[in-house]
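# model the structure of this input:
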Amino acid sequence: MPNFLDIHTTSAEDLRHMIDSARAMKDARKGRSKGELDDDLPLAGKMVALIFEKPSTRTRVSFDVGVRQMGGQTMVLSGKEMQLGHGETIADTARVLSRYVDMIMIRTFEEATLQEMAEYASVPVINGLTNRTHPCQIMADIVTYEEHRGPIRGRKVVWSGDGNNVCASFLHAAGQFGFDFTFTGPQVLDPEREWIDFARSKGVNVEIERDPAKAVSGADLVVTDTWVSMHDPESAKERRHNLLRAYQVNEELMSHAKPDALFMHCLPAHRNDEATSAVMDGPHSVIFDEAENRLHAQKAVMRWCFGK
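Sure, this is the predicted structure:
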């Protein structure tokens, strides 16, 4: 049974299968209550451990509900409860958990923690987020774009702001799904060269444009994310605001994109910092569809991990 650790380490064919599966499952649930079980139950009798070293709203609720809708049960564990890697090693934790549960989802800080968990677990491991990547979010974003505008292949996606972990997974997706990607933001916050090179190696166009208005010209999708992490000190927050203020997604910036361009933000948002409320609540925005689609995309990921 495979792990889902990153978009660039999963085949393009499997990724496409997951996207199509997510959309089909979403369609099949129309008109049903949130607590009603799916028609087929691939997780019946399965126990899934949800590990959170980093706090979460969307990841926790969407995975928990998704497991239950597919007939499984969840065990939610916090980093404080487990003291992951501070007493027992991550490798031993993975071995022990594999004796109790059928799948592990982990939302953690260091990529090395995820990789070690996957190496030593004998059950599937899913990346719920690391400081370096956030693949489940981007799977939801692909589902969202395609349900509104059709295939994302060949489209232009523009990221405005900080080249962070979500941006990294968007670059992975550009290569795997075949869309062009433009980053606009300060040089000091550029995405990792490794991820840019990956996307380009797949034959897609990746550009860095410092002028945000030029960057979004002709964009089919404009994306941003919070400028600061909850763990950043106040001094770092002020510095980031000064660096990123020119890259705020506002109505003026969106006017340079295509008239039918979509706007996405993975949430939580600091309204009127990285994006204005006028954009977030405006006609381009699909942020709440995007949030809902975490549920359907992750259900498809879990099904795939169990060979469904």
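# so V76 sits in a strand?
Yes: counting by DSSP: H, G, I helix; E, B strand; the rest coil, V76 is part of a strand.
# for it, which residues are in contact?
Applying CB atoms under 8 Å, 6 or more residues apart in numbering to V76 gives the contacts L50, F52, R60, D64. All C-beta spots, glycine's among them, are computed from the backbone N, C-alpha and C.
# nearest residue to R95 other than its sequence neighbours?
Y120 (5.6 Å; CB to CB, 6 or more residues apart in numbering).
# most widely separated two among the contacts of V76?
Greatest spacing in those, by CB to CB: F52 and D64 (10.9 Å).
# these two: who's more crowded?
Per other CB atoms under 10 Å, whichever of F52 and D64 has more neighbours is F52, with 22 against 17.
# tell me, what's the model's pLDDT at that one?
F52 carries a pLDDT score of 95 in this model.
# likewise for the one 4 residues further on?
The model reports S56 with a pLDDT of 91.
# before we move on, what about N272?
Listed pLDDT for N272 reads 97.
# now swap in M117 and tell me
97.
# which helix or strand contains it?
M117 belongs to helix 111-120 when assigned by DSSP states H and E.
# then V61?
Here V61 is assigned to helix 58-69, by DSSP H and E.
# what's stretch 141-158 in contact with?
With CB under 8 Å, 6+ apart as the criterion, stretch 141-158 contacts 19, 22-23, 26, 170, 173-174, 177-184, 215-216, 218-223, 257, 260, 262, 264, 266, 286, 289-290, 293, 296-297.
# looking at the residues you listed, which are in strands?
D180, F181, T182, F183, T184, L221, V222, V223, L262, M264 (DSSP state E).
# identify the residues contacting I51.
I51 touches L77, S78, G79, M82, L84, I104, M105, I106, R107, T108, G128, counting by CB under 8 Å, 6+ apart.
# now swap in N131 and tell me
By CB under 8 Å, 6+ apart, the contact set of N131 is F109, E110, E111, N165.
# quick one: which of the residues you listed has the most company?
Within those, neighbour counts (other CB under 10 Å) peak at N165, which reaches 21 neighbours.
# ok, that one touching G128?
No: N165 lies out of contact with G128 (CB atoms under 8 Å); the separation is 11.6 Å.
# quick revisit: only whichever of the contacts of stretch 141-158 are buried, select them in PyMOL.
Only the buried entries of those go into this PyMOL selection, using 16 or more other CB atoms under 10 Å:
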select buried, resi 19+22+23+26+170+173+174+177+178+179+180+181+182+183+184+215+216+219+220+221+222+223+257+262+264+266+286+289+290+293+296+297
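# point out where this protein drops to low pLDDT.
Within the chain, the ranges that satisfy pLDDT under 70 run 85, 230-232, 234-235.
# look up how far T224 lies from I51.
Distance, I51 to T224, by CB to CB, to the nearest Å: 28 Å.
# sorry, wrong one. I was asking about G87.
For G87, the distance to T224 - CB to CB - is 39 Å.
# looking at the two, which one has more neighbours?
Legend: neighbour count by other CB under 10 Å for G87 and T224, higher for T224 (29 against 9).
# okay, and the residue nearest the centre of the chain sits in which element?
The centre of the chain sits closest to Q137, judged by CA atoms, centre = their mean, with a distance of 1.6 Å. In the assignment (DSSP H and E), Q137 maps to helix 135-149.
# so where do the helices sit in the protein?
Assigned helices in the chain, in chain order: 12-28, 58-69, 79-82, 90-100, 111-120, 135-149, 165-177, 193-201, 212-216, 234-244, 251-254, 277-280, 287-305 (criterion: DSSP state H).
# tell me which residues are up against the second one.
When contacts are defined by CB under 8 Å, 6+ apart, helix 58-69 is touched by residues 29, 34-38, 43, 46, 48, 50, 52, 73-74, 76, 105, 107, 128-129, 136, 266-267, 291, 294-296, 298-299, 302.
# can you give me the angle it makes with helix 135-149?
Orientation of helix 58-69 against helix 135-149 (axes from the mean of the first three to the mean of the last three CA atoms, to 10 degrees) gives an angle of 80 degrees.
# L37 contacts G71, correct?
Yes: L37 is within contact range of G71, at 6.1 Å (criterion: CB under 8 Å).
# so which of these two has more stuff around it?
G71 (15 against 12).
# which residues touch that one?
The neighbours of G71, taking CB under 8 Å, 6+ apart as the test, are L37, D38, L41, P42, L43, A44, G45, K46.
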